[in-house]
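Visitor: quick check, what structure comes out for this input:
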Amino acid sequence: MSYKLIKNGTLIDGNGGEPVKGGAVLLKGQVIEAVGKENELDVSGLDVEVVDAQGGYILPGLIDTHVHLMFEVGKVEEKLTTPFSYQFYKAIDHMKKTLDAGVTTVRDAGGADAGVKQAVENKVVAGPRMQISITPLTTTGGHGDQWMRSGVDITLHGYPGSPAGVCDGVEQVRQKAREVLRAGADIIKVHATGGVLSPTDHPEFTQYSQEELEVIVQEAKYRRGLKVMAHAQGAEGIKNAVRAGIHSIEHGIFLDDEAIELMVEKGTYLVPTLLAPVSVLEAAERDGSMPEYGVQKCREVIHFHKESIARAYKAGVKIAMGTDAGVMAHGTNLRELGLMCGIGMTPMEALVATTKTAAECLGWEDKVGTLEAGKLADVVITKTNPLADITSLEDTRNIAVVLKDGEYVKNTLKKEAALLV
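Guide: Presented below is the predicted three-dimensional model:
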C-alpha cells in the first residue's frame, strides 16, 4: 500500500493545541498512519511519496455541517423555467467548488438524495463525503412550502428517492419521517420555525409543536439510531426543538437566554450559518436575484442573528461550522470563519468548529475532523497562516492542496514547482 509523507509545514491538527512547526503527516492509503514532528516520524524502508508543503500550513480536511449541494438560490423565473434534471449536472460543479475550498465533508441539509451520495462514493463524480437529509419536513405554509399567493407552487415536489416534505400533525409527521428514512436519509431535517427565504411565513413563526418534533426524534432514534437537525430561528421553535431532543439547531437567529441555557444543559449543537443573511443582502444589491420578501426579512433579522450567536458562544454552546451554501455560491464556504471570529471566536476556535466540533456534530469524530492516526486521510495544505489571518482562507487560491481519502482532489503546489524549474 502506498505512503505519502506531508512535510515542511506547520501542523494545525484540529484539536485546538499549539501549532507544530516542522510538523508532518504520514498517510497509508486512505488512512492517517502517523502525525508529529518530521524528525520523529520513521519512514525508513517505506516506499514514500513526499509531499512538500513548501512552508505552508497542514490542516485536517474541513467540514461544513449545513449545505445544499443541489442548488444555488437565484431568480424565481429561472427556477420555473429550468428543466428538473439540470440541477444534477449543476451539482457536479457545486461539489467541485466545495472540494476546491478545502471542504472534504458536508452535511447536506436538503436536496441531495441517495443517488448523489452514491455517485460520489462510487467515484462517478468528485465530491465531498456527505451525510444527507434528502427532504426537510415542513408544515403547510411553512419554511419549506414554496406555494405562492398567486397560486403557483415552485416547490420541487417529490420524485422517486426524494419524497415531498409537507406534513401536518403527529401521524403525517411520523409517516414523512419514515419516508425520508426509507429513501436513505442519514439525518432527518425539520423546519421547526419559519425562515427568511420562504414566501408565506416569518423566522419567528413556530411551525411544529414539541409533540410533533418528539415523534420525529423517536422515528430517527428507534428505527435507525439517527439524529435530527432543525432549521430553527424563532425562540419558541428553538426551545421546542431542544426540549424534543433534537441534535442541532440551524441558524438560531432569535435565541433567548432560556434557549441558550437549554442548549448548554442538553449539549445541543448550534450551526450559526452567519454567512446566509449576509449573502442574501449581497445578492440583492448585486443582481436582484433574491425575492423582495426575503430581502426585507433578512434586513429585519441580521443584527439579531449576530447578537444571538455571540451570546450563545459566550455561554458555552457547542458551535459547529455551517454556511447554508446554496443560499450563497458554493466554494465560498470559508467566509463563515471570518464571521465567526466577528462574533468573538478566536481563529483557532473557528478552525476547531470547522474540524473537530463539526465532526462530533456529525457523529464522525472517529473518522474525520482531526489529524490523528487511524482517521481518514483528509488533509488540506494552505499557503497562508489561518491563525494570523483567518479571512485569507476565503480566497481558494490559498488552499494549495486538498486530499480526500489520501487522494488528491486539488494540488496547485506541483504546478507552482514546475513553474520554478
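
Visitor: for this protein, what spans make up the helices?
Guide: Applying DSSP state H to the chain gives helices spanning 76-81, 86-100, 114-121, 169-182, 210-224, 235-243, 257-266, 275-287, 292-315, 335-342, 347-353, 356-362, 413-420.

Visitor: for the protein, what helix or strand is lowest in average pLDDT?
Guide: When each helix and strand of the chain is scored by mean pLDDT, DSSP states H and E, helix 413-420 comes last, with a mean of 57.

Visitor: shaky segments in the stretch 151-300 of the chain?
Guide: Applying pLDDT under 70 to the stretch 151-300 of the chain flags the ranges 156-157.

Visitor: I'd like the helices of the chain written out as CSV, with mean neighbour count and distance to Ser44 added.
Guide: In this view, the C-beta of every residue, glycine as well, is placed from N, C-alpha and C. Converted to CSV, those look like this (neighbours: other Cβ atoms under 10 Å; distance: least, Cβ to Cβ, whole Å):
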stretch, mean neighbour count, distance to Ser44
helix 76-81, 11, 59
helix 86-100, 18, 33
helix 114-121, 17, 35
helix 169-182, 18, 50
helix 210-224, 19, 46
helix 235-243, 24, 53
helix 257-266, 17, 49
helix 275-287, 19, 46
helix 292-315, 18, 46
helix 335-342, 22, 39
helix 347-353, 22, 33
helix 356-362, 24, 32
helix 413-420, 10, 25
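
Visitor: show me this structure divided up by domain.
Guide: Each domain of the chain is listed here as a residue range: 3-61+370-420, 62-362, per automatic domain parsing.

Visitor: His251 and His231, how far apart?
Guide: For His251, the distance to His231 equals 6 Å [Cβ to Cβ, to the nearest Å].

Visitor: what touches both of the two?
Guide: Gly195 (Cβ atoms under 8 Å, 6 or more residues apart in numbering).

Visitor: which residue ranges of the stretch 51-200 of the chain form strands?
Guide: 57-60, 62-67, 103-108, 129-132, 187-191 (DSSP state E, counting those that start in this stretch).

Visitor: which residues touch the second one?
Guide: By that I understand strand 62-67. Here strand 62-67 has contacts from 98, 101-109, 128, 229, 248, 250, 269, 271, 273, 320-326, 330, 333-334, 336, 354-355, 358-359, 361-362, 368-369, 380, using Cβ under 8 Å, 6+ apart.

Visitor: and it, average pLDDT?
Guide: Mean pLDDT, strand 62-67: 98.

Visitor: quick one: it to strand 103-108, angle?
Guide: Inter-element angle recorded for strand 62-67 and strand 103-108: 20 degrees (by axes from the mean of the first three to the mean of the last three Cα atoms, to 10 degrees).

Visitor: now strand 62-67: buried residues?
Guide: Leu62, Ile63, Asp64, Thr65, His66, Val67 (16 or more other Cβ atoms under 10 Å).

Visitor: quick check: angle from it to helix 86-100?
Guide: Using the same axes, to 10 degrees, strand 62-67 lies at 150 degrees relative to helix 86-100.

Visitor: compute the inter-axis angle for strand 62-67 and helix 275-287.
Guide: Going by the same axes, to 10 degrees, strand 62-67 makes 80 degrees with helix 275-287.

Visitor: just the CA coordinates of strand 62-67, formatted as PDB?
Guide: The C-alpha coordinates for strand 62-67 follow below in PDB (Å, rounded to 0.1, in the frame of the first residue of the first chain):
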ATOM      1  CA  LEU A  62     -12.600  21.000   6.600                       C
ATOM      2  CA  ILE A  63     -16.200  20.300   7.400                       C
ATOM      3  CA  ASP A  64     -19.400  22.300   6.600                       C
ATOM      4  CA  THR A  65     -22.400  20.900   8.500                       C
ATOM      5  CA  HIS A  66     -25.000  22.800   6.600                       C
ATOM      6  CA  VAL A  67     -25.000  22.900   2.800                       C
END
